[in-house]
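>>> mind folding the following:
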Amino acid sequence: MTDEVVTVERATPSADVAGLLARHAINGVPVMGEDDHVMGLVSASDLLNKQAPTAGRMMSSPAVTVYAEQTVAEAARLMTRRGCERLPVVDDEERLVGMVTRRDLLGFFLRPDSEVELRIRDNVLSGVLRLQADAVRVHVLDGVVVLAGRLPHRSLVRTALALTSRTEGVVAVVNRISVEPYDSSSPQKPDAAS
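Residues are numbered from 1 along each chain as shown. The predicted model follows:
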């Protein structure tokens, strides 16, 4: 995410918007309203296709935004679903805090599969969950992670999946983890979520 965002107001003349795009080598700017709220977006294609005197007249509105706490994968899915090249990033009060572009997301997802696998093994499985090395196998291909193995509780499976999906470079997670059957001779009670 870029946190220094070039913005315009509704009354900004179209010629000034074009100048900003050229000067900053960007292809779109958010149009701001009161209290740093994003009212819409003006893209380079809006400048070419919509003949209007001001940013407010040519902007695409309402703006498609993403919350700062959302994952990169969620932002990428939203961008794909809505056909956006860029997304203003807003806080929980809908104020602009940054901008994320397709290029930003591409850089995030272009992590070597071996690096993604190592992060999942070391940070998630061994680090956070403290699992034995052979409890869950990890396979990564083009950012798609397959987790396979057997764990004693469903809650561990859910946690492993959630943490893996938040790992940088992960595009999707395929769950092939089964839950060990409850042994009735054991004095321990099964996990409530099992």
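
>>> report the mean confidence score over stretch 83-91.
In this model, stretch 83-91 has an average pLDDT of 91.

>>> for that stretch, buried residues please.
Buried positions in stretch 83-91, judged by neighbour count with 16 or more other CB atoms under 10 Å: 84, 86, 87, 88, 89, 90. Where C-beta positions appear, they are placed from N, C-alpha and C, glycine not excepted.

>>> dump those residues into CSV; add distance to residue 111 and secondary structure as well.
Shown next, in CSV, are these (distance: CB to CB, whole Å; DSSP: H, G, I helix; E, B strand; the rest coil):
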residue, distance to residue 111, secondary structure
84, 23, coil
86, 22, strand
87, 21, strand
88, 25, strand
89, 21, strand
90, 26, strand
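
>>> how about low-confidence regions in this structure?
Residues of the chain that meet the criterion pLDDT under 70 lie in 108-110, 182-194.

>>> how close does the residue sitting nearest the centre point of the chain get to residue 167?
Closest to where the C-alpha atoms of the chain average out (CA atoms, centre = their mean) is residue 72, at 1.6 Å. Computed as CB to CB, to the nearest Å, the residue 72 to residue 167 distance reads 10 Å.

>>> same check, this time on residue 13
Distance, residue 13 to residue 167, by CB to CB: 45 Å.

>>> and if you look at residue 32?
From residue 32 to residue 167 the distance is 34 Å (CB to CB).

>>> equivalent analysis for residue 1, please.
18 Å.

>>> can you check residue 28 too?
For residue 28, the distance to residue 167 - CB to CB - is 29 Å.

>>> looking at the two, which is more packed in?
When residue 28 and residue 167 are compared on other CB atoms under 10 Å, the one with more neighbours turns out to be residue 28, at 22 against 18.

>>> isn't the more buried one up against residue 41?
Yes - counting by CB atoms under 8 Å, residue 28 does reach residue 41; the two are 5.6 Å apart.

>>> and the strands in this protein?
Here the chain has its strands, by DSSP state E, at 8-9, 28-32, 38-43, 66-67, 86-90, 96-101, 136-141, 144-151, 172-179.

>>> name the helices or strands packed onto the third one?
Spelled out, it's strand 38-43. Packed against strand 38-43 by the contact rule (3 or more CB pairs under 8 Å, 6 or more residues apart in numbering; DSSP states H and E) you find strand 28-32, helix 55-58, strand 86-90.
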